[in-house]
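*Asks:* After the sequence you'll find the predicted model.
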Amino acid sequence: MSQAFTFSISTTPFDEHYQPSASTRITTNFANLARGESRQDNLRNTLRMVNNRFNSLAHWDNPKADRYKVELDIISVDMHMGGASDAFPLIEMLKTTVVDLQTGERMDGIAGNSFSSYVRDYDFSVLLLEHNEQRATFSTPEGFGVLHGKLFKHLIQSPTYQALFSKPPVICISASSSKTYQRTENVHPILGVEYQQNALSSTDLYFEKMGLKVRFFMPPHSVAPLAFYFPGDLLADYSNLELISTISTMETFQKIYRPEIYNANSAAGQCYQPSLQHQDYSVTQIVYDRVERSQLAVKQGKFTEEHFIKPYQSQLNTWAANNAL
């Protein structure tokens with residue numbers, strides 16, 4: 001059954017001309033920025049922020065802070081359940097490429113970054129809500145996240161993925177506002193100060209089923225720690241420029257999506273709890289509809305239930321039971 005599940009991958013440049021395709025998840029952060037009257041200004045300003053942040057971190061041999069440019073591609077993964085006509089848009093994520101404008105060299109960055117998944121929308125916005133509807137205390141359904149985790153690992157181990165990417169993805173998102181983070185003595189020259197959390201979040205446990213561990217770092221001149229999800233060894237497996245490409249991309253997005261945390265006017269202290277209620281922050285000149293995004297997550301979760309979970313329930317259950325990835 002595992003051989004019946006195959007993948008195809010397409011790439012779309014995320015530049016100032018980007019327009020979301022009909023198959024793109026409309027809750028995807030980069031798609032949200034590319035709609036409406038401000039779309040082109042949004043895209044230009046976002047990419048400018050990414051490049052400026054990259055050059056501020058890659059400061060060696062870069063006296064004018066203009067040596068590098070980051071190019072972004074949207075990686076769209078379709079899953080095929082045995083036939084050519086039954087593709088389902090499983091995952092989208094970003095891939096960075098670093099361009100050295102001084103030498104003309106192009107260097108692979110990191111895949112992952114802004115990760116989005118229809119099945120995760122279903123799990124969190126449909127399955128989890130329905131499970132807790134009549135419960136006095138919050139809990140997760142049995143086997144929550146197992147299918148999604150196995151599908152993700154199946155993708156990363158597939159010849160399709162490995163033919164295009166030399167390293168596994170790193171996913172970088174906001175720290176959880178429900179947890180408290182303690183500053184440690186560990187400081188990395190690129191990732192910055194490491195923080196440790198007081199307990200695993202539901203997202204941490206969900207990503208754990210995808211084979212990913214989490215560490216929290218606040219890069220130099222940042223104001224809050226970012227969550228980095230990765231297999232292997234984050235510090236040893238990726239070069240400085242690869243790590244900078246992820247930091248500059250995802251810190252930019254977080255400043256736009258969560259300015260209360262990542263564009264705050266004061267930096268996280270020794271003991272830190274992120275809050276979207278924080279009032280002392282600056283806003284970017286980029287239009288982003290956070291309310292719309294949260295509403296659409298439910299719609300897309302229900303789309304997944306109708307077009308993927310229910311039609312292929314038996315196949316998916318059998319496949320998951322027979323694949324101990």
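*Replies:* Noted; the coordinates are in hand.
*Asks:* C-alpha only now, for contacts and for neighbours.
*Replies:* Fine.
*Asks:* what's the next secondary structure element after the helix or strand of the chain with the lowest mean pLDDT?
*Replies:* Within the chain, judged by mean pLDDT, DSSP states H and E, the helix or strand with the poorest mean is helix 29-33; its value is a mean of 62. Scanning forward in sequence from helix 29-33 by DSSP states H and E, the next helix or strand is helix 39-57.
*Asks:* Centre of the chain to the helix or strand that comes right after that following helix, how far?
*Replies:* The first helix or strand that comes after helix 39-57 along the chain, using DSSP H and E, is strand 68-80. Centroid separation for strand 68-80 versus its chain: 12 Å, with CA atoms, centre = their mean, to the nearest Å.
*Asks:* Alpha carbons only: can I get strand 68-80 in CSV?
*Replies:* Extracted in CSV, the C-alpha atoms of strand 68-80 (Å, rounded to 0.1, in the frame of the first residue of the first chain):
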residue,chain,number,x,y,z
TYR,A,68,23.4,38.9,-0.3
LYS,A,69,19.9,38.4,-1.6
VAL,A,70,17.5,35.6,-0.6
GLU,A,71,15.3,34.0,-3.2
LEU,A,72,12.2,32.2,-2.1
ASP,A,73,10.4,29.4,-3.8
ILE,A,74,7.0,27.9,-2.7
ILE,A,75,7.3,24.1,-2.7
SER,A,76,3.9,22.5,-3.4
VAL,A,77,3.6,18.7,-2.7
ASP,A,78,0.7,16.7,-4.2
MET,A,79,0.0,13.2,-2.9
HIS,A,80,-1.2,10.6,-5.3
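*Asks:* Hey, what's the angle from that strand to helix 39-57? Just curious.
*Replies:* Strand 68-80 and helix 39-57 are oriented at 120 degrees to each other (axes from the mean of the first three to the mean of the last three CA atoms, to 10 degrees).
*Asks:* Quick one: list the elements packing against strand 68-80.
*Replies:* The contact analysis (3 or more CA pairs under 8 Å, 6 or more residues apart in numbering; DSSP states H and E) places strand 68-80 against strand 6-14, helix 39-57, strand 87-100.
*Asks:* pLDDT averaged over stretch 105-123, what's the number?
*Replies:* Mean per-residue pLDDT for stretch 105-123: 93.
*Asks:* do the same with stretch 75-89
*Replies:* pLDDT averaged over stretch 75-89 gives 82.
*Asks:* now the strands: where do they sit in the protein?
*Replies:* 6-14, 68-80, 87-100, 106-117, 170-174, 181-188, 192-197, 213-218, 226-230, 271-272 (DSSP state E).
*Asks:* that older thread, nearest to residue 160, out of the helices and strands packed on strand 68-80?
*Replies:* The closest of those to residue 160 is strand 6-14. By CA to CA, the value is 6.6 Å.
*Asks:* Now do the buried residues in the closest one.
*Replies:* Within strand 6-14, the residues that qualify as buried are 6-7, 14, counting by 16 or more other CA atoms under 10 Å.
*Asks:* Please render these as CSV that adds distance to residue 232 and pLDDT to the earlier fields.
*Replies:* Converted to CSV, these look like this (distance: CA to CA, whole Å; pLDDT from 0 to 100):
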residue, distance to residue 232, pLDDT
6, 24, 90
7, 23, 93
14, 28, 91
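*Asks:* would CSV of those with distance to residue 250 be doable?
*Replies:* Listed next are those as CSV, based on distance: CA to CA, whole Å:
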residue, distance to residue 250
6, 29
7, 26
14, 14
